[in-house]
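Enquirer: One predicted model, sequence on top.
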Amino acid sequence: MLRRHPTFILTFTAAAVFILAIVNVGIGDFFIPPLEIMQMLIGQGDADLRYIVFNYRAPRIVLAILVGGALAVAGVIMQTILNNSLAAPDTLGVSGGAAVTALVTASVLPSTSMTSVSLAAFIGGAAAAFIVYALAYKDGANPVRLALVGVSVSALCGSGVELSLLKLDANAQTSLLWLNGSLFGRTWEQVLTLAPITIGILIVLLLFTKTLDSLKLGGQIAMGLGVSVEKMKMLLLGLSTLLTGVSVSAVGMIGFVGVISPHITRQLVGLQHRYVLPGAALVGSFLLLLADTIGRSVLQPLEIPAGIVISLIGAPYFLFLLYQESKQGKREA
């Protein structure tokens, strides 16, 4: 029974994230064994290697954990409040809208702060989500229709990103970042901007786990339990969009983490959001770390962006979910 308890699963997943992070930080032009990495964490080991690890390799690892967790939790919130198992930052167009506005802001105003870029990304993501929902809503938001409209709007936003890159004459590294999602060249600046916002929102969301449990049961039941449904949905959707916006502003567009992580998490820990939220954060972190580890190691010295690797993993799973929703819709009809 202990092995099946959600607390045990969360502890095991956290340990897996830590181990993968240690392995990942050792990958580079020269490999650093995990034991040496562990020694560096307590201030031992070669000083030059410690400098390389903590100033060049560690920021991308921390950022992968933050971004993966943020996108996964955003997916949980969107799926719950919309009662749609296919809802996620990328399928609702939030990631694409955030990328367009963040890119334009960062390019037109190169001296602007990361916080301003994140705010622009939030506005763009919120606008895209509104457009998707407005186009998909017809006597309710059918899951398959919402996903298809969201993918279409995401593709349109992706084209907008490409057009902006061409017009703004961005370099190859910038193009790779915004189009495919990449952790390459990320520094502590992005981490320090993202960390307080992400951690703060996650803490706030943990205060609403019972509300999320109620919303999962349906709007009428939630109202009967004293939940102000529409206000809570707007608040929670705003927080999830902000999580997506700051993530996109830091690493570009990374798909599928937000849609597949909640499903994996519910299989592991059940449906209670006091376990689902931290579980999804850990699963999302693990997936993005795994994608980054694969991307950095399979074709060395070349690096495959984490966004491309996670798409190769997530796309088949998303098609499977789409097929399941289509079958369920036919049975209900």
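Expert: Received it, and whenever you're ready, just let me know what you need. Note that the coordinates shown come from a computational prediction; the quantities given were computed from them, not determined experimentally. Residues are numbered from 1 along each chain as shown.
Enquirer: now the residue nearest to residue 248 when sequence neighbours are not counted: how far from residue 161?
Expert: Using CB to CB, 6 or more residues apart in numbering and skipping the chain neighbours, the partner closest in space to residue 248 is residue 98 (4.0 Å). Where C-beta positions appear, they are placed from N, C-alpha and C, glycine not excepted. Distance, residue 98 to residue 161, by CB to CB, to the nearest Å: 10 Å.
Enquirer: what about those two, which has more around it?
Expert: More crowded of residue 98 and residue 161, by other CB atoms under 10 Å: residue 98, with 34 against 22.
Enquirer: List the contacts of the residue nearest to residue 248.
Expert: 121-122, 124-125, 128, 241, 244-245, 248-249 (CB atoms under 8 Å, 6 or more residues apart in numbering).
Enquirer: mind putting those residues in TSV, pLDDT included?
Expert: Listed next are the contacts of residue 98 as TSV, based on pLDDT from 0 to 100:
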residue	pLDDT
121	86
122	86
124	89
125	87
128	87
241	90
244	91
245	88
248	88
249	84
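Enquirer: What score does the residue nearest to residue 248 have for pLDDT?
Expert: Note on residue 98: pLDDT of 88.
Enquirer: secondary structure element for it?
Expert: helix 94-108 (DSSP states H and E).
Enquirer: Could you give the separation of that helix from the chain centroid?
Expert: 16 Å (CA atoms, centre = their mean, to the nearest Å).
Enquirer: Distance-wise, check the residue nearest to residue 248 relative to residue 228.
Expert: Counting by CB to CB, the gap from residue 98 to residue 228 is 27 Å.
Enquirer: how close does residue 145 get to residue 155?
Expert: 16 Å.
Enquirer: Tell me which of these two has more neighbours.
Expert: residue 145 (17 against 12).
Enquirer: Distance check, that one against residue 126.
Expert: For residue 145 relative to residue 126 (CB to CB), the value is 21 Å.
Enquirer: can I get the CA coordinates of stretch 5-21 in CSV?
Expert: Only the C-alpha atoms of stretch 5-21 are listed here, as CSV (Å, rounded to 0.1, in the frame of the first residue of the first chain):
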residue,chain,number,x,y,z
HIS,A,5,0.5,5.9,-2.1
PRO,A,6,0.7,9.3,-3.9
THR,A,7,3.2,10.6,-1.5
PHE,A,8,5.6,7.7,-2.3
ILE,A,9,5.0,8.3,-6.1
LEU,A,10,5.8,12.0,-5.6
THR,A,11,8.9,11.3,-3.7
PHE,A,12,10.1,8.8,-6.3
THR,A,13,9.4,11.2,-9.1
ALA,A,14,11.3,14.0,-7.3
ALA,A,15,14.3,11.7,-6.9
ALA,A,16,14.1,10.8,-10.6
VAL,A,17,14.1,14.5,-11.5
PHE,A,18,17.2,15.1,-9.3
ILE,A,19,19.1,12.1,-10.7
LEU,A,20,18.3,13.2,-14.3
ALA,A,21,19.4,16.7,-13.5
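Enquirer: List the contacts of it.
Expert: With CB under 8 Å, 6+ apart, stretch 5-21 has contacts from 2, 34, 61, 65, 268-270, 272, 275, 278-279, 282-283, 285-286, 289-290, 293.
Enquirer: now swap in stretch 46-54 and tell me
Expert: 25, 28, 32, 36-37, 40.
Enquirer: list the buried ones in whichever strand or helix holds residue 163?
Expert: According to DSSP H and E, residue 163 maps onto helix 143-167. Residues of helix 143-167 classed as buried by neighbour count (16 or more other CB atoms under 10 Å): 143-151, 153-154, 156-158, 160-161, 164-165.
Enquirer: what's the neighbour count on the residue nearest to residue 268 when sequence neighbours are not counted?
Expert: When the adjacent residues along the chain are set aside, residue 268 lies closest to residue 9, with 5.0 Å between them (CB to CB, 6+ apart). For residue 9, the neighbour count with other CB under 10 Å is 18.
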